[in-house]
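S.K.: Quick one, structure for this:
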Amino acid sequence: IEYDGETHQVKALSSAEGPVTFVSSGRKLSGERLDYNIASRRGTLTHPNGKVDEIDIKGEAIEVMPLSDIVGGKMPRGADPEEEAGRWLGAVVTTCPQPNPHYRLETKEVVVIPNRRVIVRKPRVFLGKHLLFAYPFDYVMPLNENERRKRRALFPKVGYESKKGAGLGVSGPFVWENGSLNLEVIG
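M.R.: The predicted structure is shown next:
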């Protein structure tokens with residue numbers, strides 16, 4: 001680990017004993033290399049893995065910065081613009097606790113707004129090694145109880161009508177930058 005007292009820059013590399021571990025506001029991330037500026041509260045951790053509530057996330061890199069840098073002028077109600085948030089790049093997201101998850105979402109970007117939500121940008125949904133479909137909108141996973149009540153998770157749906165037969169589909173929220181829609185589709 002290196003620390004420059006004048007610029008407040010920290011650089012750390014993993015070793016044979018283990019990965020670099022970054023702890024902030026009770027959250028813990030591990031990865032290969034950390035470049036972080038303590039004064040500006042901005043930095044990057046390469047090949048990170050971590051947990052946000054029950055959500056496991058792994059990626060190519062995570063950029064840590066104040067929330068205002070990520071959301072710009074669209075601050076969530078009651079949010080502190082200086083609160084730390086993260087942008088995961090090249091990420092895999094799952095809630096499956098198995099070493100080889102049964103299901104996962106893969107995406108180019110995941111935004112984590114601590115204590116509020118995890119936003120998975122237009123993910124591809126996999127069951128085992130098989131791609132099921134590409135989600136056309138951002139998939140939002142609420143982290144606080146208020147938002148959880150408002151939004152249901154994307155959920156597989158089975159339907160049956162005696163004249164039409166059986167069908168499979170999905171139901172859940174479709175969220176984009178300016179709005180959202182709860183939809184149920186069965187084919």
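
S.K.: element containing the residue sitting furthest away from the middle of the chain, please.
M.R.: Distance from the centre of the chain peaks at Lys163, with 41.6 Å (CA atoms, centre = their mean). Using DSSP states H and E, Lys163 sits in no helix or strand.

S.K.: Distance check, it against Ser171.
M.R.: Per CB to CB, to the nearest Å, Lys163 is found 22 Å from Ser171. All C-beta atoms are positioned from the backbone trio N, CA, C, and that covers glycine.

S.K.: any chance you could map the helices in the chain?
M.R.: Here the chain has its helices, by DSSP state H, at 67-71, 145-150.

S.K.: Quick check: bridge partners of the closest residue to Leu131 other than its chain neighbours?
M.R.: In space, and not counting its chain neighbours, Leu131 is closest to Arg124: 5.9 Å by CB to CB, 6 or more residues apart in numbering. Note on Arg124: beta-bridge partners Glu106, Ala134, judged by DSSP bridges.

S.K.: Likewise for Glu84?
M.R.: Beta-bridge partners, per DSSP bridges, of Glu84: Pro66.

S.K.: hang on, isn't the residue nearest to Leu131 packed against Tyr139?
M.R.: No: using CB atoms under 8 Å, Arg124 makes no contact with Tyr139, being 10.6 Å away.

S.K.: Not counting its neighbours along the chain, what's nearest Tyr103?
M.R.: Closest to Tyr103 by CB to CB, 6+ apart is Leu127, at 5.3 Å.

S.K.: Thanks again, I'm all set now.
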